[in-house]
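Trainee: just to be clear, the model below is a prediction. Sequence and coordinates:
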Amino acid sequence: MFELNFSTDFAHMLVRFLISVVVNWFIIDRLYYVRSRRRDFYFTFMLISIAIFFLVFFMIFVLEDMKGKTGIGIGIGLFGIFSIMRYRTDTMPVREMTYLFVLISLSVVNALGSTLSLVELIVTNIIVIFAFWICEKRLGIQHIKLVQYDRIELVKPEREEELKADLEQRLGLNIKKIEVGGIDFLRDTAILKVYYLSESQRTNGADAILKMPKPALFTLLAIFLSLPAMAQSDTESGLWASAEVQKKLNKQWSLSAEAEYRLRENFGSTDRWTLSASAAYKPVKWLKLDAGYKFLRVLNDDETTWKDNGVDPNKWTPAWWCTKHRLFASATVSLKPGRIEFSLRERWQYTYRPETTVDRYDIDDDEWETKTKDGKAQHVLRSRLQAEYDIPKCKVDPYASVECYHAKGGLQKIRYTAGADWKLTKQHVLGAFYRYVDSHDDDPDLHVVGLGYKYKF
């Protein structure tokens, strides 16, 4: 006889799905749609976020009984789905693209957050909502319009005020700045980019001219979504987030400070947090020298010692924090034959861990004892080869790199990285990357999603 039974995982899924739908609806309806009034994107955002939630949940958790056998398959499947995803309409504006990326990311987080309590998951979603609210309510929207202009005699620099007055009269806009693009003397026309202020808080989709290639967007999404699936084999996934401040003293000297936080074990555990400061010097255009100091707080894995029979445990040390000090110096040589810039960086780093004490549990005596960890030092030589592409008239610069770590005993690990830097303004830069770390020691291989922010002044 037919019985209606629901598993515990299915009940958990319904709760997380409810949280995901409510949060995504609030972001779309209360923050995005209020300004844009774009029903087409409302439809797209809502249904894609729902589809992504179910896709990730069922592919990862319902099939988890097959363990590593489906890990690579799921990763390739997600990669394929998003690689062939193409919209045959107008190019998606940057603002809408940002909403889509964050909504997909939230759906993935809500579907995979099995190690988080509901309170922690709700707090995570609230943080994202608050970030959206700050950006929408407190940051001004830059309105831009492309104009095909017929009075090319006014595009001269000395007649800028006349050009501005003519455009304000004909467009009815409060113009702040005008940039002159291509000029066609045969047709007596010019392409102008007009920056203007508007009392309306709504954005105009036809004025959104900043673009990012769609294949690149969905490739990055596919890589991001495939990380938890691939991590079911002999690898782990992690998240690295950083914020950097850079001060340019003159054409040759600059100073910078950076803070970084890392997650490991499939985003479920803290790996480390760091603070660093450095100085850079460019004696010539193609050479950069820099040196600095980094303070690290690292969480080490728990340790178990075994008896001589190799079966029974002897002593157990829980996960413990330690402090490390690092000095580094590097030289970077760059070459740009066209729009692709190649660079080779050689970096020496010295890391020292002072002596520290940890608590250790003696299983036979059923008591805790204090264990002293001796100080430890390590010299590492890092060699990185990178290629960065300068896309014409685009603020997004993609790059790829390979970096080898050489320590005592030979090759330690290799980092493969692909990412992009988005120059919001001259001062603000956002970065995102995917990194695969191929370990040549006892550490597991690592898939990393990286997010970064840099402020220059």
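Mentor: Yep, that arrived.

Trainee: the longest helix along the chain - contacts with which helices or strands?
Mentor: Ordering each helix of the chain by length in residues (DSSP state H) puts helix 118-138 first. In this structure, helix 118-138 makes packing contacts with helix 8-25, helix 94-112, judged by 3 or more CB pairs under 8 Å, 6 or more residues apart in numbering; DSSP states H and E. Yep, even glycine has a C-beta here, placed from its N, CA and C like the rest.

Trainee: can you say which of the ones you listed is nearest to Leu263?
Mentor: helix 94-112 (12.1 Å; CB to CB).

Trainee: tilt between that closest one and helix 8-25?
Mentor: 160 degrees (axes from the mean of the first three to the mean of the last three CA atoms, to 10 degrees).

Trainee: how about low-confidence regions in the protein?
Mentor: Within the chain, the ranges that satisfy pLDDT under 70 run 1-9, 59-92, 113-115, 138-142, 198-234, 310-311.

Trainee: can you give me the helices for it?
Mentor: 8-25, 33-36, 39-57, 68-83, 94-112, 118-138, 160-171, 214-230.

Trainee: just how off-centre is stretch 254-270 within its chain?
Mentor: In terms of CA atoms, centre = their mean, to the nearest Å, the centre of stretch 254-270 is set 12 Å apart from its chain centre.

Trainee: buried ones in that stretch?
Mentor: By neighbour count on 16 or more other CB atoms under 10 Å, the buried set for stretch 254-270 is Ser254, Ser256, Glu258, Glu260, Arg262, Leu263, Arg264, Asn266, Phe267.

Trainee: among those, which are located in strands?
Mentor: Assigned to strands by DSSP state E, the following of the buried residues of stretch 254-270 qualify: Ser254, Ser256, Glu258, Glu260, Arg262, Leu263, Arg264.

Trainee: of the helices and strands packed on helix 118-138, which is nearest Phe57?
Mentor: helix 94-112 (4.2 Å).

Trainee: for that closest one, packing partners?
Mentor: Counting by 3+ CB pairs under 8 Å, 6+ apart, helix 94-112 packs on helix 8-25, helix 39-57, helix 118-138, helix 214-230.

Trainee: what's the most buried one of those?
Mentor: helix 214-230 (a mean of 21; mean count of other CB atoms under 10 Å).

Trainee: how about Ser334, what does it touch?
Mentor: Taking CB atoms under 8 Å, 6 or more residues apart in numbering, we find Ser334 in contact with Trp286, Leu287, Lys288, Glu341, Phe342, Ser343, Leu344.

Trainee: coming back round to it: which other residues reach the longest helix of the chain?
Mentor: 15-16, 19, 23, 26-27, 31, 35, 102, 106, 109-110, 113, 116.

Trainee: same check on stretch 284-291?
Mentor: Against stretch 284-291 from outside (CB under 8 Å, 6+ apart): 278-283, 327-335.

Trainee: got it, and stretch 22-40?
Mentor: 41-42, 45-46, 49-50, 95-96, 99, 102-103, 106-107, 110, 125, 128-129, 132-133, 136, 141, 201-203, 205.

Trainee: do stretch 174-191 as well
Mentor: So stretch 174-191 is contacted by 146-150, 152, 155, 160, 163-164, 167-168, 192-198 (CB under 8 Å, 6+ apart).

Trainee: hmm, which of these are the buried ones?
Mentor: Val147, Tyr149, Ile152, Val155, Leu163, Lys164, Leu167, Leu192, Val194, Tyr196.

Trainee: hmm, the second one is touching Val155, no?
Mentor: Right, the one you point to is Tyr149. Yes. Using CB atoms under 8 Å, Tyr149 is in contact with Val155, at 7.3 Å.

Trainee: can I get the buried ones among the contacts of stretch 174-191 in JSON lines with distance to Tyr416?
Mentor: Formatted as JSON lines, those follow (distance: CB to CB, whole Å):
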{"residue": "Val147", "distance to Tyr416": "45"}
{"residue": "Tyr149", "distance to Tyr416": "48"}
{"residue": "Ile152", "distance to Tyr416": "50"}
{"residue": "Val155", "distance to Tyr416": "48"}
{"residue": "Leu163", "distance to Tyr416": "50"}
{"residue": "Lys164", "distance to Tyr416": "50"}
{"residue": "Leu167", "distance to Tyr416": "49"}
{"residue": "Leu192", "distance to Tyr416": "43"}
{"residue": "Val194", "distance to Tyr416": "43"}
{"residue": "Tyr196", "distance to Tyr416": "44"}
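
Trainee: ok, back up a step: distance to Phe433 added to the helices of the chain, as JSON lines?
Mentor: As requested, those are exported to JSON lines (distance: least, CB to CB, whole Å):
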{"stretch": "helix 8-25", "distance to Phe433": "26"}
{"stretch": "helix 33-36", "distance to Phe433": "29"}
{"stretch": "helix 39-57", "distance to Phe433": "21"}
{"stretch": "helix 68-83", "distance to Phe433": "16"}
{"stretch": "helix 94-112", "distance to Phe433": "14"}
{"stretch": "helix 118-138", "distance to Phe433": "20"}
{"stretch": "helix 160-171", "distance to Phe433": "41"}
{"stretch": "helix 214-230", "distance to Phe433": "9"}
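
Trainee: do you know which of those lies nearest Gly409?
Mentor: Evaluated over those, closeness to Gly409 peaks at helix 214-230, with 28.0 Å, by CB to CB.

Trainee: residues contacting the closest residue to Phe295 other than its chain neighbours?
Mentor: The spatially closest residue to Phe295, leaving aside those adjacent along the chain, is Leu275, at 4.7 Å (CB to CB, 6 or more residues apart in numbering). Leu275 sits next to Ala257, Glu258, Ala259, Lys294, Phe295 when contact means CB under 8 Å, 6+ apart.
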